[in-house]
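Asks: okay, here's the prediction I keep looking at, along with the sequence it came from:
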Amino acid sequence: AQSVTQLGSHVSVSEGALVLLRCNYSSSVPPYLFWYVQYPNQGLQLLLKYTSAATLVKGINGFEAEFKKSETSFHLTKPSAHMSDAAEYFCAVSVATDKLIFGTGTRLQVFP
Amino acid sequence: EAQVTQNPRYLITVTGKKLTVTCSQNMNHEYMSWYRQDPGLGLRQIYYSMNVEVTDKGDVPEGYKVSRKEKRNFPLILESPSPNQTSLYFCASSFPAGVTSTDTQYFGPGTRLTVL
């Protein structure tokens, strides 16, 4: 069965600092991986997705994620945090099925 | 504007009083899905639909019903709501229906339901 684990339910960084949100997946076949962001009182929107092309995926708002098969990881990074990045972030996996399996989410706080 | 809409956005009701949450998309998507979001549990799929008149259970279908009579609409029905169904509900859609699994799902703004 497929699953994702997000390490850290809350992450706090200072404005301008590196953002690193961790996601590990479990899958017996090559997965498709996604990061979604949820801003306060809004639905989820796609940040980026890995679909077996390049292992380094660039998304919106300066975020990127690297697929590492040997580590079964798909961590999300951004070099310099902005106040507007404060949100909840969800990692998700899909394996040729009709559904996404979401992690439990990581809430990112950005301090001035 | 391409979007998924849900109504109502907020609802407070009492145990046992039937309710329907509507979901509509204007992108001609085949695939639609309902999720519930609970603290510490992330999003869990309730039901999904591959196309008109084709629906199937997700991970937590108990206590819910859905229908897909038109491509654009996918209402969620709670026949006899209970307090454990208090949650934040999201509808999502994508195109085509699960063919590649890489298709982006577009989410509605959410419906916050409280069952007293």
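Replies: The structure has been received and is ready for your questions.
Asks: residues from chain B in reach of chain A?
Replies: Selection of chain B residues close to chain A by C-beta under 8 Å from any C-beta of the partner chain yields B:4, B:31, B:33, B:35, B:40-45, B:48, B:50, B:56, B:58, B:90, B:92, B:97-98, B:100-102, B:104-105, B:107-110. All C-beta atoms are positioned from the backbone trio N, CA, C, and that covers glycine.
Asks: from these, which would you call buried?
Replies: B:4, B:31, B:33, B:35, B:42-45, B:48, B:50, B:58, B:90, B:92, B:97-98, B:101-102, B:105, B:107-108, B:110 (16 or more other C-beta atoms under 10 Å in any protein chain shown).
Asks: residues in contact with the host helix or strand of residue B:43: which ones?
Replies: Following DSSP states H and E, the helix or strand that holds residue B:43 is strand B:42-51. For strand B:42-51, contacts defined as C-beta atoms under 8 Å, 6 or more residues apart in numbering or on different chains pick out A:44, A:90, A:98-100, A:102-105, B:30-38, B:55-61, B:64, B:66, B:68, B:71, B:74, B:76, B:89-90, B:97-98.
Asks: who does the next helix or strand after that strand touch, helix- and strand-wise?
Replies: Counting by DSSP H and E, the element after strand B:42-51 in chain order, helix or strand, is strand B:54-57. Judged by 3 or more C-beta pairs under 8 Å, 6 or more residues apart in numbering or on different chains; DSSP states H and E, strand B:54-57 is in contact with strand B:42-51.
Asks: distance from the chain centre to the strand it packs on, please.
Replies: Put simply, strand B:42-51 sits 7 Å off its chain's centre (C-alpha atoms, centre = their mean, to the nearest Å).
Asks: quick check, central residue of chain A?
Replies: By C-alpha atoms, centre = their mean, the mean C-alpha position of chain A lies nearest to residue A:35, the distance being 3.7 Å.
Asks: please name the nearest non-neighbouring residue to that one.
Replies: residue A:47 (4.3 Å; C-beta to C-beta, 6 or more residues apart in numbering or on different chains).
Asks: pretty sure that neighbour contacts residue A:64?
Replies: No: applying C-beta atoms under 8 Å, one finds residue A:47 not in contact with residue A:64, separated by 9.3 Å.
Asks: any chance you could map the strands in chain A?
Replies: A:3-7, A:10-14, A:19-26, A:32-38, A:44-50, A:56-58, A:64-68, A:73-78, A:87-94, A:101-102, A:106-111 (DSSP state E).
Asks: can you check the pLDDT for residue A:1?
Replies: Model confidence at residue A:1, expressed as pLDDT, equals 75.
Asks: mind checking the end-to-end distance for stretch B:30-47?
Replies: 14 Å (C-alpha to C-alpha, to the nearest Å).
Asks: any idea which residue sits dead centre in chain B?
Replies: Closest-to-mean residue, chain B, C-alpha atoms, centre = their mean: residue B:34 / 2.6 Å.
Asks: ok, now how distant is it from residue B:73?
Replies: 12 Å (C-beta to C-beta, to the nearest Å).
Asks: any weak-confidence spans in chain A?
Replies: For chain A, residues meeting the criterion pLDDT under 70 lie at A:95-98.
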